[in-house]
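Asks: the following comprises the amino acid sequence and a computationally predicted model.
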Amino acid sequence: MNRTLVLATGNDHKRRELAGILAGFEILVPGDLGVSFEFEETGTTYLENALGKGIALYRQLAGSVGVHTVIADDSGLSVVALDGAPGIHSARYGSTAEGLLLSAAEKNGLVLSRMSGTGDRRASFVCCMVLVAGPSRFGAVQETWDGEIAESPSSASGGFGYDPIFRLPELGLTVADLSEEEKNRLSHRARAARRILRLLKEESAD
């Protein structure tokens, strides 16, 4: 198998996170190949969005710059007291009717405001990750990372997205307080990526 993987994202945080886990593979994003990639996530599950995104990029690359193995994911924050929200809408949570997205800090503030006075703070990060190796060949995994919603955001500068308000009770820290190495060992995306790595190794051995 080609040792180059293309991520169906322009998020450099995700690229760095996966590069630390998928050792031995070159991790690219579409822009590295001169490709502009957009995908509207209209699925009702993480799997629908991740698989749709992965197949769309695979086909786009095959039709322009050649065949590449693609990795795509859809991830989000699921809060028990909010009936699973933001869920698959995590990236667009609280967006205006005109489609304007809130900043990460604004989304975190919205979650905290909707959790005001709530005793049940349980939450999970969810990541569905797919490996697309051919027009009809793919593997999919889904992992979670359990924690709770903090009472207030961490002032630490680490992490991104909802990390400042996602607290790990066993550590007494939010994800934003973790080092990059700790996050790469514990996170939902890291767990999914390690399972994808096993698929890659099996593919290479065939």
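Replies: Ah, there it is.

Asks: can you give me the helices in this protein?
Replies: Along the chain, the stretches classed as helices by DSSP state H are 12-19, 46-64, 104-114, 180-186, 188-205.

Asks: in this structure, what secondary structure element scores lowest on mean pLDDT?
Replies: Lowest by mean pLDDT, DSSP states H and E among the helices and strands of the chain is helix 12-19, with a mean of 83.

Asks: hmm, Tyr46 is touching Ser90, no?
Replies: No: under the criterion of C-beta atoms under 8 Å, Tyr46 is not in contact with Ser90, lying 10.0 Å apart. The C-beta positions use only the backbone N, C-alpha and C, and glycine is treated the same way.

Asks: wait, what's in contact with Arg145?
Replies: Quick fix: residue 145 is Trp, not Arg. Contact analysis of Trp145 by C-beta atoms under 8 Å, 6 or more residues apart in numbering lists Ser124, Phe125, Cys127, Leu186, Ser187, His188, Arg191.

Asks: how close does the second one sit to Pro86?
Replies: Phe125 sits at a distance of 11 Å from Pro86 (criterion: C-beta to C-beta, to the nearest Å).

Asks: same deal with the last one?
Replies: With distances taken as C-beta to C-beta, Arg191 is found 20 Å from Pro86.

Asks: against which helices or strands is the least confident helix or strand of the chain packed?
Replies: strand 4-7, strand 26-28, helix 180-186, helix 188-205 (3 or more C-beta pairs under 8 Å, 6 or more residues apart in numbering; DSSP states H and E).

Asks: if we can go back for a sec, any chance of the helices of the chain in CSV, with distance to Ala156 too?
Replies: Listed next are the helices of the chain as CSV, based on distance: least, C-beta to C-beta, whole Å:
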stretch, distance to Ala156
helix 12-19, 15
helix 46-64, 27
helix 104-114, 13
helix 180-186, 12
helix 188-205, 19
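
Asks: done for today, thanks.
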